[in-house]
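K.L.:
Below: sequence and its predicted model.
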Amino acid sequence: MRAAAHAYWRMFVWDIADLRLLLPVLGCVLTLQGAGFVLGIGLFFRHIPETAAVFVATGVPVMNLITAGLIFEPQVVADQRLRGSYDFLWSLPVPRSMMTLAWYTVTLVVALPAMVIALLVAVARYGIDFDVSPAIVPAVLLTSLTGVLIGYAIAHGVTAPMTARLVSISLIFVMFGFSPIVFPASQLPGWLAAVNQWLPFGSMATITRAALVGGEAAGVARGYLVVAAWAVASALVVAWALGRRR
Amino acid sequence: MAASIRRGPGHWLSSYLALLRFDIASQRTWLPMFVLTQVLFGAGMAIIYGFYLGHMSHQEALFVVSGAPALAVLTSGLIGVTTMVVERKEAGSWDFIWSLPAPRSAAVASTFTVFTLMAIPGIVIALAIAAWRYGLSVTPSPMAVPAVLLAALMATSVGFGMAQLIPNPLVTGVMVNVLIFVVLLYSPVAFPITQLPHWLADVQRVLPIYYAAQVLRASVTSGMVQDVATAYAVLAGWTVAAWAGTAWVVGRRR
């Protein structure tokens, strides 16, 4: 147990040191993405309806969490593969589960400030009354964990760096455009809304939104189940990809 | 021997034609990717904006649809052209091209020609998909020809000039990403400029993004755009400025 905790801490420090130049940049990108999106969407409406404002304000933090885990991780690993440091990392005498946990922590450390700033900008711009419940803790932790695990599954399951990068870039498009994160699912065509019932992104937004503004309890339990199922499935892929011998 | 001095319009034209063959041959593998990027950003964003906006009035939908060509042309100039310039920089192809016994202006002119023409299919497809998605019929006027050509030439020239002027490819990459963000979220392409805060509207009245959207919109709709002449003039101004920047960076000795 002590050894595991020690390994976790060493890997956390390692990741921070390894990405010391990249992490501040990522933090800025996430902040710009979050605050920029909150402000930008308002321009599309002559008078933004309150529901639309609430959806944007509560959806953008989820975008931050997903971007940090799902989009950034595959690109970092693709770089590591190209440089050859990937094999070196796996040769370290550290449990791979602890490596994953350390990376999860790094993701949270980078994404949380951006998330808070986006929420503050939303309050300032749209005057939204947030009613934050304690459920925000599991909602954010689970959303981020699932994002990280899916990112891990792509990063470690797809061995060709270019393909991994392509998958993660296409996911940005799917996430920003075709998932009900910053707008209600009812604004999607029926078939796309139905597909999104089984994808993790819309559900991540549902559980986070419920924890931020209260009310709208419908579908929250289902949301947790869908997101958790994606976490478990991704964890299995990760375990397979990391555990096998090459 | 006078015959060995290669200059004059005849030499320029034959160099231009030879380089045109070179450019078309080197871009042929690229073309599908280029068109795909345009369709993704043009038609894709038009569809996505619809999701963001929810229920749209006819006028709002018309704005989104008639903005699709501008999104396609701007992203192709920003992403397609800059990527090509940066790739050639990293591969050292520009040094090779500048070493050819051809005027550099002919080389640049041929690249501009190829990329301007390459942008056209993507613009048309993006407009067609967007119109189909919202069940609107758009009728292009004859002015669509100069509008598409000037907007595409402007986007190509600015993208090319920017990528040539910025020495560090990483900085170019960051600039491109920032500009895409600005084009997609903060530019009056899919919505009227009156919805912007005053200071941002003033900034947009200097940049070419708004005017590219205006000339393209005017060519496929009627009554939505006033003062098209100004828009053409600003676009032409940006094109010429980009040419000047390109001429300076391409023509100097290192």
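P.N.:
On my side now, so go ahead. A quick note: this is a predicted structure, and the numbers were derived from the prediction, not measured.
K.L.:
Could you tell me the end-to-end distance of stretch A:212-231?
P.N.:
End-to-end distance for stretch A:212-231, by C-alpha to C-alpha, to the nearest Å: 22 Å.
K.L.:
Can you pull out the residues in contact with that stretch?
P.N.:
The contact list for stretch A:212-231, computed with C-beta atoms under 8 Å, 6 or more residues apart in numbering or on different chains, reads A:54, A:57-58, A:61, A:119, A:128-133, A:136, A:138, A:142-143, A:145-146, A:149-150, A:197-200, A:203-204, A:206-207, A:209-210. Every residue, glycine included, has its C-beta placed from N, CA and C.
K.L.:
That stretch - what's its average pLDDT?
P.N.:
Averaged over stretch A:212-231, pLDDT sits at 86.
K.L.:
now stretch A:153-161
P.N.:
80.
K.L.:
Tell me where chain A is predicted with low confidence.
P.N.:
Low-confidence segments of chain A, defined by pLDDT under 70: A:215-217, A:245-246.
K.L.:
Can you tell me which residue is spatially central in chain B?
P.N.:
Nearest residue to the geometric centre of chain B (C-alpha atoms, centre = their mean): B:Ala155, 2.4 Å.
K.L.:
My guess is that one contacts B:Val81. True?
P.N.:
Yes - taking C-beta atoms under 8 Å as the definition, B:Ala155 is a contact partner of B:Val81 at 7.3 Å.
K.L.:
Now do the contacts for the residue of chain A most remote from its centre.
P.N.:
Residue farthest from the centre of chain A, counting by C-alpha atoms, centre = their mean, is A:Arg46 at 30.6 Å. Each residue near A:Arg46 by C-beta under 8 Å, 6+ apart is listed here: B:Gln195.
K.L.:
Assign it to helix, strand or coil.
P.N.:
Assigned by DSSP: H, G, I helix; E, B strand; the rest coil, the conformation of A:Arg46 is coil.
K.L.:
roughly how far apart are it and B:Leu53?
P.N.:
With distances taken as C-beta to C-beta, to the nearest Å, A:Arg46 is found 11 Å from B:Leu53.
K.L.:
Please apply the same query to B:Ala106.
P.N.:
From B:Ala106 over to B:Leu53 (counting by C-beta to C-beta), the distance is 46 Å.
K.L.:
Repeat that for B:Val215.
P.N.:
From B:Val215 across to B:Leu53, the span is 24 Å (C-beta to C-beta).
K.L.:
same deal with B:Trp98?
P.N.:
According to C-beta to C-beta, B:Trp98 stands 48 Å off from B:Leu53.
K.L.:
So for the two, which residue has more residues nearby?
P.N.:
Remark: of B:Trp98 and B:Leu53, B:Leu53 carries more neighbours, 21 against 13, as counted by other C-beta atoms under 10 Å in any protein chain shown.
K.L.:
Look up phi and psi at the residue nearest to that one when sequence neighbours are not counted.
P.N.:
Once flanking residues are discounted, B:Leu53 sits nearest to A:Phe44: 5.9 Å by C-beta to C-beta, 6 or more residues apart in numbering or on different chains. Main-chain dihedrals, A:Phe44, degrees, to the nearest 10: phi -70, psi -20.
K.L.:
Kindly report the same for B:Ile97.
P.N.:
phi -60, psi -40.
K.L.:
That one and B:Ser110 touch, don't they?
P.N.:
No - contact criterion C-beta under 8 Å: B:Ile97 and B:Ser110 do not qualify, at 9.8 Å.
K.L.:
Run through the residues that contact the residue positioned nearest the centre of chain A.
P.N.:
What sits nearest the mean C-alpha location of chain A, by C-alpha atoms, centre = their mean, is A:Ile66, with 2.0 Å. Residues counted as contacts of A:Ile66 (C-beta under 8 Å, 6+ apart) are A:Thr143, A:Gly147, A:Met175, A:Phe201, A:Met204.
K.L.:
try it again with 10 Å
P.N.:
Residues near A:Ile66 by C-beta atoms under 10 Å, 6 or more residues apart in numbering or on different chains: A:72, A:111, A:143-144, A:146-148, A:150-151, A:171-172, A:175-176, A:179, A:181, A:200-201, A:204-205.
K.L.:
for the chain, longest helix please?
P.N.:
I went with chain A, as the question did not name one. helix A:96-126 (DSSP state H).
K.L.:
was after chain B, sorry
P.N.:
The longest helix of chain B (DSSP H) is helix B:104-133.
K.L.:
Which positions in that one come out as buried?
P.N.:
B:104-116, B:118-120, B:122-131, B:133 (16 or more other C-beta atoms under 10 Å in any protein chain shown).
K.L.:
residues touching B:Leu150, list them.
P.N.:
By C-beta under 10 Å, 6+ apart, B:Leu150 lies in contact with B:Val73, B:Thr116, B:Tyr211, B:Ala212, B:Val215, B:Leu216, B:Ala231, B:Tyr232, B:Leu235, B:Ala236, B:Trp238, B:Thr239.
K.L.:
in the stretch 1-150 of chain B, what spans have low per-residue confidence?
P.N.:
B:1-5.
K.L.:
residues in it within reach of chain A, list them.
P.N.:
B:40-41, B:44-45, B:47-56, B:60, B:63-64, B:133 (C-beta under 10 Å from any C-beta of the partner chain).
K.L.:
ok, now with 8 Å
P.N.:
Applying C-beta under 8 Å from any C-beta of the partner chain, we find that the stretch 1-150 of chain B lies next to chain A at B:Leu40, B:Gly44, B:Met45, B:Ile47, B:Ile48, B:Tyr49, B:Gly50, B:Phe51, B:Tyr52, B:Leu53, B:Gly54, B:His55.
K.L.:
Sweet, I'm off.
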